[in-house]
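[1] Return a 3D structure for these sequence lines:
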Amino acid sequence: MIRTRVIVGTILALAAGGILIGDDHLVPGWFPCLFVCLMALGVIAGRELVRLIPSPFKPSECLVVTGTVLCLAANWVPLAVGSGTVWQLVVVVLAATLMLALLLEMHRFTGEVGVVVPRLGTTMLAVSYLGVLPCFFAQIRFLPHPHASLLLALTIFVPKCNDIAAFFTGTFLGRHKMTPVLSPKKTWEGFAGGMLGGVAVAVGVHLVQPIFGGTLEAIGFGLAVGIAGILGDLSESLIKRDCQTKDASKSIPGFGGLLDVVDSVLFAAPVAYLWFSWK
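    Next comes the predicted model:
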């Protein structure tokens, strides 16, 4: 299991690095590789999340995937038309998704009570979770910063290296359970090791290419994004626990599904965006 996780994790890290570097040499300012990756995330993770939810509360897979993809695509619309703001478009997509979900429930209503409101809720949860949170990856890449690709890389690698460090520290040194009901394998020793790993990445990158105001800011970023990543991981654990399943799917050996891989970075992205944009 450990060997599989290391191999697959390394492949995913190399792929992410290739995407970040590749976009710098393709169509300037459009970042097509990031666009393709976010579209794939919306479709694959959207389907995984819908299939986690048990009947009769399962929302329409088509509606969830469509709403998610349109939210993500909204990041590129201002580039194409030369006007409008991303967040206005995202709000329009969310409103349209809710309206369509209500119309769909009217069409399928048979008199059964107690299922319509939960289905509406799961629809909006899925689209918000996978359509809105990943928008911050694109917004970080679009920041007017000379090292925007590096900022995005940090947003991904700090929480993922936190995950890796926490896994190994918890495996070999873990003694005290952190969240025994929600995620029984997580320990406080793993938490500490993960935080050190995330901070080490932020500080190491800063020493090679200064992008923070100093080492203390790099440490603060590593701690903030690392904690956000852990909370993202626990949030997905909450959803899976409530849906009574262990993994989102079996599509990625050693990790489960795509949702199991990106859960930590989904929470890290908004925190990183606020950090970089408010500097």
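[2] which SS state does residue 186 fall under?
    Put simply, residue 186 is strand when judged by DSSP: H, G, I helix; E, B strand; the rest coil.
[3] residues in contact with it?
    Taking CB atoms under 8 Å, 6 or more residues apart in numbering as the criterion, residue 186 is in contact with 166, 170, 177-179, 234. Glycine gets a C-beta too; all of them are placed from N, C-alpha and C.
[4] Can I get the buried part of those residues as one ChimeraX selection?
    The following ChimeraX line selects those of these that are buried, judged by 16 or more other CB atoms under 10 Å:
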select :166,170,178,179,234
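[5] Identify, from the contacts of residue 186, the entry nearest to residue 195.
    For the contacts of residue 186, the minimum distance to residue 195 (CB to CB) is 8.1 Å, reached by residue 166.
[6] Which strand or helix spans residue 35?
    Using DSSP states H and E, residue 35 maps to helix 32-52.
[7] Go through that helix and flag the buried ones.
    Quick answer for helix 32-52 (16+ other CB under 10 Å): 33-35, 37-38, 41-50, 52.
[8] any idea which of the contacts of residue 186 is closest to residue 201?
    For those, the residue nearest residue 201 by CB to CB is residue 166; the value is 12.9 Å.
[9] Can you tell me, leaving aside adjacent residues, what's nearest to that closest one?
    residue 194 (2.9 Å; CB to CB, 6 or more residues apart in numbering).
[10] Regarding that neighbour, what is its secondary structure?
    Using three-state DSSP, the secondary structure recorded for residue 194 is helix.
[11] one step back: among the contacts of residue 186, name the ones in strands.
    Among the contacts of residue 186, DSSP state E puts 177-179 in strands.
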